[in-house]
Structures are given as structure tokens and as C-alpha cells.
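Q: sequence-free structure coming up:
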């Protein structure tokens, strides 16, 4: 089984500052992998490099064995779909917005969507629960609905790899769960490989098959592995400089991170004394 995504010895600088250094990992078909790490650790930068928005200082990236530097943006868009944090304001209907995902497949001198394009767009709008909004303006729907539209647009590209950059960052807990449940379900039904940037470690722990923890202090990967392997009190203390307690979620049995305030630490110390 070939890897969907392979990253080899990737490094990136910005104004001589090291952002990413010697990043290497791979993803298998159907995996849900979360990239985690503190602010400034290079999570979004990594996504931009995979998407060819930024060019690395060194290193190689392969999609299904193909070096992305040898692929045109149009070819790459047939393999990778990216959903960024927020949807840019555009004056078009939800249906028109979702249909933009078919542009990489347009033939020369093709100006309009085919019946198959429309059928695919409706299929993924149905899967994401926004088909009823197809005639609404993308600027008139809620933030959660716009994120669902962005996911539907990405899926109409029929990608092998779905990349999402903090898709839940501006959403309430209801929409956070809705988005991640949807992505998890689509991963299974479409055999998608999912690479997602998440700030919320508890959400990452609940939904991920594996984690990639970036260390903002040196630009390297601190650790990769299962949630149980990566999310430890020691790793979070060292990478985030934050004291936490970790216990198992009583239902899912996944790691659950509890923040420890200084006030709580002082009380604990007084009790021990």
C-alpha cells in the first residue's frame, strides 16, 4: 500500500528564522492525522508548503509517489483539496461556490459546468447538509454553514488528501463536533486521507488516528504517534510550557487534557504541605 502523502526532510525559513526543520512523516489512505503544536510552530506553514503556496528551503513532498514540484497547480488540485480557516467573502450562491471545486477538471475552452459536475456538487452538498442552502448567498449564511460549504467545495475536487487548517477555530462546540463528526464519517465512507491542523488537544485526541506534534522552539517534530503516545503530561509541559493533568475520557477512553491553573497548583501545594 503506497502512502498518500510523504514528506522527506522538509525545512523552511522566513527572513532567516527557522520555522520548520527536517520534517519527515507519511500518511496512509484513510488515516485521520492531526498536526498540533503551539502558536508559531509552523502548522499553517506546513500546509501552505504541501499546497505549493510556499516553497521549502529543502526537502521533498510526494502525493501517491509523485513529487509535487513536478506537478502543475491544476494537477495538484486533482489530488489535494484544502480548507482554510475562514471562507473569503464572495458574491455568489452556495451552489456556485461549491461548483468552484470542479475547475481543476475543466477541459480547454470549457466555460460551464457539466451535468456530472452539478451532480457531484449536489452529492457533497447533501453529505454536508447544505443542499437546502444551495440558492442562498455564501455571505448570508452562518460561519458553521460556510465551513460546511468549504468542505463540500473541497470534496467536489474528489481529492485523495483533504487538508483542513483549524476548521473549528471560530465555531461553538456544537458546530465543532458537527464538523469533526462529518470529516470522520467522510474519511470512512470515501476512504479519504485527512490532514488537519487543530489547536484543541482534546478534539485532536478524540478524532485522530495519529498526531504530529511540532515543537515551536526548534522547528522540528517533537513526536509522532498515537494520541496515547504523543499526549503526555511531559510532552505538553515541554512543548507548550504548560502544566496539565491527563486522564482517560470515561466514554471514549482517549486521553483527556485538564488545564491546571496557578491558583489550583498553589492549593495543591498547600494541601501537600
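A: Thanks, I have the structure now. Here the structure is a predicted model, which means the values were calculated and not measured.

Q: could you pull out the strands for the stretch 1-150 of the chain?
A: For the stretch 1-150 of the chain, the strands defined by DSSP state E, counting those that start in this stretch cover 5-14, 17-27, 32-36, 58-63, 66-67, 80-83.

Q: direction included, what does the second one pair up with?
A: Sheet pairing of strand 17-27 (DSSP bridges) gives strand 5-14 (antiparallel).

Q: same question for the last one.
A: Each strand paired with strand 80-83, and its direction, by DSSP bridges: strand 161-165 (parallel).

Q: now the partner strand: buried residues?
A: Within strand 161-165, the residues that count as buried by 16 or more other C-beta atoms under 10 Å are 161, 162, 163, 164, 165. Every C-beta, even on glycine, is put in place using the N, C-alpha and C of the backbone.

Q: how many other residues sit next to residue 178?
A: Using other C-beta atoms under 10 Å, the number of residues around residue 178 comes to 18.

Q: nearest residue to it other than its sequence neighbours?
A: Nearest non-adjacent residue to residue 178, counting by C-beta to C-beta, 6 or more residues apart in numbering: residue 144, 6.9 Å away.

Q: look at the residue minimising distance to the centre of the chain and give its secondary structure.
A: Nearest to the mean C-alpha position of the chain, by C-alpha atoms, centre = their mean, lies residue 196 at 1.8 Å. Three-state assignment for residue 196 (DSSP: H, G, I helix; E, B strand; the rest coil): strand.

Q: residues contacting it?
A: Shown in contact with residue 196 (C-beta atoms under 8 Å, 6 or more residues apart in numbering): 32, 33, 34, 35, 163, 164, 165, 167, 183, 208.

Q: just the element for residue 211, please.
A: Residue 211 is part of strand 210-214, with elements assigned from DSSP states H and E.

Q: so what are the sheet partners of that strand and their directions?
A: Its sheet considered, strand 210-214 pairs with strand 32-36 (parallel), strand 221-225 (antiparallel) by DSSP bridges.

Q: so which of the ones you listed gets nearest residue 250?
A: For the strands paired with strand 210-214, the distance to residue 250 is smallest for strand 32-36, at 21.7 Å, taking C-beta to C-beta.

Q: format the strands of the stretch 1-150 of the chain as CSV; extra columns: mean pLDDT and mean neighbour count.
A: CSV is the format used below for those (pLDDT from 0 to 100; neighbours: other C-beta atoms under 10 Å):
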stretch, mean pLDDT, mean neighbour count
strand 5-14, 94, 18
strand 17-27, 94, 17
strand 32-36, 97, 24
strand 58-63, 95, 17
strand 66-67, 92, 12
strand 80-83, 93, 23
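
Q: next, format the ones you listed as JSON lines and append distance to residue 137.
A: Listed next are the strands of the stretch 1-150 of the chain as JSON lines, based on distance: least, C-beta to C-beta, whole Å:
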{"stretch": "strand 5-14", "distance to residue 137": "35"}
{"stretch": "strand 17-27", "distance to residue 137": "36"}
{"stretch": "strand 32-36", "distance to residue 137": "32"}
{"stretch": "strand 58-63", "distance to residue 137": "34"}
{"stretch": "strand 66-67", "distance to residue 137": "38"}
{"stretch": "strand 80-83", "distance to residue 137": "20"}
